[in-house]
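Visitor: here's my sequence, what's the structure:
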Amino acid sequence: MPSPLIKNMIEQYHYPVLSIDTFEAFIQSQEECVLFFTENPTQFPESDDVAMILPELVKEYQGRFTAAIIDQASQRELQARYGFNEWPSLVFLRQGKYLGTISRVQDWMDYLVNINQILASEPKHAPGIGIPVVQSATSHCG
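Guide: Next up, the predicted model:
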């Protein structure tokens, strides 16, 4: 269950709350978006801090990206898709493709530098969780 601060942010700014069922349609419909993974704000109180910062970031970037909140029941499943290990996290996407993640609370200037780098980058493979499988070249023995 979101904290009162996160609930207030959702209501005040009309940010959509995405579930597994609504997630894919939303991310595909957005040119650029940021997904707010709060986890449990009681366990991760920095989530309340990011709830205060996120609307200011959207405003700073003049609506370049749309913000959405991942609902509590969907957080862990979707977190595995993006491979971050710290909470809270902001995951940036362009047309549903991964751009980058910012985790935990940052200084304002660090947010701006990181977001500028993320938004200037090309989509890439999301890190995911686990060990990447790499196929090595094989040599033929005699």
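Visitor: quick one: the helices in this structure, in order.
Guide: 4-13, 20-29, 46-60, 75-82, 108-120 (DSSP state H).
Visitor: nearest to A126, out of these?
Guide: Minimum separation from A126 across these (Cβ to Cβ) falls at helix 75-82, 5.0 Å. To be clear about C-beta, it is placed using only N, CA and C from the backbone, and glycine gets the same treatment.
Visitor: tell me the mean pLDDT over the closest one?
Guide: Confidence for helix 75-82, expressed as mean pLDDT, is 94.
Visitor: again, but for stretch 111-124
Guide: Mean predicted confidence for stretch 111-124 is 97.
Visitor: buried set for it?
Guide: Of the residues in stretch 111-124, 111, 114-115, 118-119 count as buried by neighbour count, 16 or more other Cβ atoms under 10 Å.
Visitor: dump the residues you listed to TSV, plus distance to F26.
Guide: Below are the buried residues of stretch 111-124 laid out as TSV (distance: Cβ to Cβ, whole Å):
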residue	distance to F26
Y111	23
N114	23
I115	20
I118	19
L119	19
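Visitor: who's in contact with the lowest-mean-pLDDT helix or strand in the chain?
Guide: The weakest-scoring helix or strand in the chain, judged by mean pLDDT, DSSP states H and E, is helix 75-82 (a mean of 94). By Cβ atoms under 8 Å, 6 or more residues apart in numbering, the residues outside helix 75-82 that reach it are 20, 23, 35, 37-39, 70, 89, 91, 98, 101, 126-129.
Visitor: next one: it to chain centre, how far?
Guide: Offset of helix 75-82 from its chain centre (Cα atoms, centre = their mean, to the nearest Å): 10 Å.
Visitor: tell me which residues of that helix are tucked away?
Guide: Those buried within helix 75-82 under the rule 16+ other Cβ under 10 Å are 75, 78-79, 82.
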